[in-house]
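1. just need the structure, nothing else, for what follows:
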Amino acid sequence: MSATFAVTNPATGSELQAVPDAGPADARAAIDRAVQAFAPWKARTAFDRANVLQAWRGLMLRDEEIIARLMTQEMGKPIAESRGEVRYAAAFVEWFAEEGKRAYGEIIPSHVAGKRLLAMRQPVGPVYAVTPWNFPAAMVTRKVAPALAAGCTVVLKPAEQSPLTALHLEALWQQAGGPADAFQVLTTSDPAGVSEPFFADARVRKLTFTGSTEVGKRLYAEAARTMKRVSLELGGHAPFLVFADADVPAAVLQVMASKFRNAGQTCVCANRIYVHASIHDEFSARLADAVRALRVGDPLRDDTQVGPLVDRAGLDKVTAHVADAVAKGARVVVGGGPRDGLYFEPTVLADVTDGMRILKEETFGPVAPVVMFRDDAEVVAAANATPYGLAAYLWTRDLGRGFRVAEALDYGIVGVNDGLPSTPHAPFGGVKDSGIGREGGKWGLEEYLDVKYISIALP
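-> Take a look at the predicted model:
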């Protein structure tokens, strides 16, 4: 593999490093190695695999600052957030190292005296994993750790914007004693060309993908050619419902945590903020004050809270969404435009109404559109009026309302008074156009296990 492509720092525009530019032949070779490595890795005990994973976790924590700086430089995440992501990524490895020991089988009561019925779980096989640029470490371990713990082998294709973190994690895996062919990273500027051999090869038994709904649907169809198991974590358009009885300062803090983390470049960040008319003005004023106070700048500085967007296409999309909203009557309360380079001002929009792109499309930027509502049923209907169903949030001090609304929201994840509900031991995933399958917790391990039924007639 002699070809390379450059990875660019979005904060400075400078080239960071050249990485290998894999092609279809490299993909086929990686598949062969993953297939050959599968049987011996599967044969190792769950406890043995767990020991390797725990050693991997320890090396991640040892290299926290190295990995954090890699992430910040290759995709612009503020360094304080990057450090937190390293610990979050390591927590997935710790969880699944232990959870892999609990891939229990079952003995089923027999329908006849002379039979014994068993169900056991076995690794699905070699896995093709595709991860996005916005969480270069956590998205890797959230997929790779459960696969390895289950006894699968993995070939990972990270996003071309942020491959350096994945390459470092691969090196640490080998330092931890992990077999090199059990976890391989393929970096490429041609994701479609590199992916094709994986979809054509029936020996690859599982696809796990995080990315856009448009791409995910195409990959879903491709995976059907060889009947692969599929996990898809796709786009979102998260509503945040703030009811009349909300503790307004507390609600603002949770909205800020959800909306402006990673400059709004997360699939679960609040995209539509619905606020009851009785507290709308107070909430909007407090939110505007909090957004004005955000520190935008060099993501390597410890005090930076909002860094650049990942690339020009991302900046152009955010700019277009704000321009469309303003042209249709929205009012800019704070921010509203791009800065030098790939930065966009943290923004609050008021008087946002139906028909604006920002209420229909995922913005993926630091823009908070505020929508007024008056009726619970009305706002739940508005929150559900989207093809997406990944995450939703609400703030209320009424326990009954919290349960009723959480149950009525058509989303895979609901945070009640909680803008940051994700954790390694809980299920993460969506419904509708936001994907299928779950990552995290026991559910994340099950995505990499097949159930085998064994019926034994006693002689």
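2. please count neighbours and contacts with C-alpha atoms only from this point.
-> Fine.
3. can you give the contact residues for the host helix or strand of L70?
-> Using DSSP states H and E, L70 maps to helix 64-75. Residues outside helix 64-75 that contact it (C-alpha atoms under 8 Å, 6 or more residues apart in numbering) are 7-11, 16, 60, 77-79, 82-83, 85-87, 133-134, 136-137, 161-162, 164-165, 168, 299-300, 309-310.
4. starting at the chain centroid, how far to that helix?
-> Its chain's C-alpha centre and that of helix 64-75 lie 17 Å apart, by C-alpha atoms, centre = their mean, to the nearest Å.
5. rewinding a little: inside strands: which ones of the contacts of helix 64-75?
-> Counting by DSSP state E, the contacts of helix 64-75 place 7-8, 16 in strands.
6. can you redo those residues as TSV with pLDDT, neighbour count and distance to L172?
-> What follows is these, written out as TSV (pLDDT from 0 to 100; neighbours: other C-alpha atoms under 10 Å; distance: C-alpha to C-alpha, whole Å):
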residue	pLDDT	neighbour count	distance to L172
V7	98	21	20
T8	97	21	23
L16	96	16	20
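7. ok, those residues vs F240, which is closest?
-> Checking the ones in strands among the contacts of helix 64-75 against F240 by C-alpha to C-alpha gives T8 as the nearest, at 33.8 Å.
8. where does the residue nearest to that closest one when sequence neighbours are not counted land on pLDDT?
-> Spatially, and ignoring its direct neighbours in sequence, T8 is nearest to E15 (4.4 Å; C-alpha to C-alpha, 6 or more residues apart in numbering). Looking at E15, its pLDDT reads 97.
9. E15 touches F5, doesn't it?
-> No: the criterion here is C-alpha atoms under 8 Å, and E15 misses it with F5 at 10.1 Å.
10. residues in contact with the closest residue to Q305 other than its chain neighbours?
-> Nearest non-adjacent residue to Q305, counting by C-alpha to C-alpha, 6+ apart: R295, 5.2 Å away. By C-alpha under 8 Å, 6+ apart, the residues touching R295 are 303-306.
11. could you rerun that using 7 Å?
-> 304-306 (C-alpha atoms under 7 Å, 6 or more residues apart in numbering).
12. and it, how far from E345?
-> Applying C-alpha to C-alpha, to the nearest Å, the value for R295 to E345 is 10 Å.
13. G314 too?
-> Counting by C-alpha to C-alpha, the gap from G314 to E345 is 13 Å.
14. A89 now?
-> The span separating A89 from E345 equals 29 Å under the rule C-alpha to C-alpha.
15. rewinding a little: avg pLDDT for the helix holding L70?
-> Helix 64-75 carries an average pLDDT of 98.
16. for that helix, buried residues please.
-> 64, 67-75 (16 or more other C-alpha atoms under 10 Å).
17. same question for stretch 258-277.
-> Residues 258-277 are the ones in stretch 258-277 that count as buried (16+ other C-alpha under 10 Å).
18. before we move on, what about stretch 371-385?
-> For stretch 371-385, by 16+ other C-alpha under 10 Å, it's 371-373, 379-380, 382-384.
19. among those, which ones are in helices?
-> Of the buried residues of stretch 371-385, the ones assigned to helices by DSSP state H are 379-380, 382-384.
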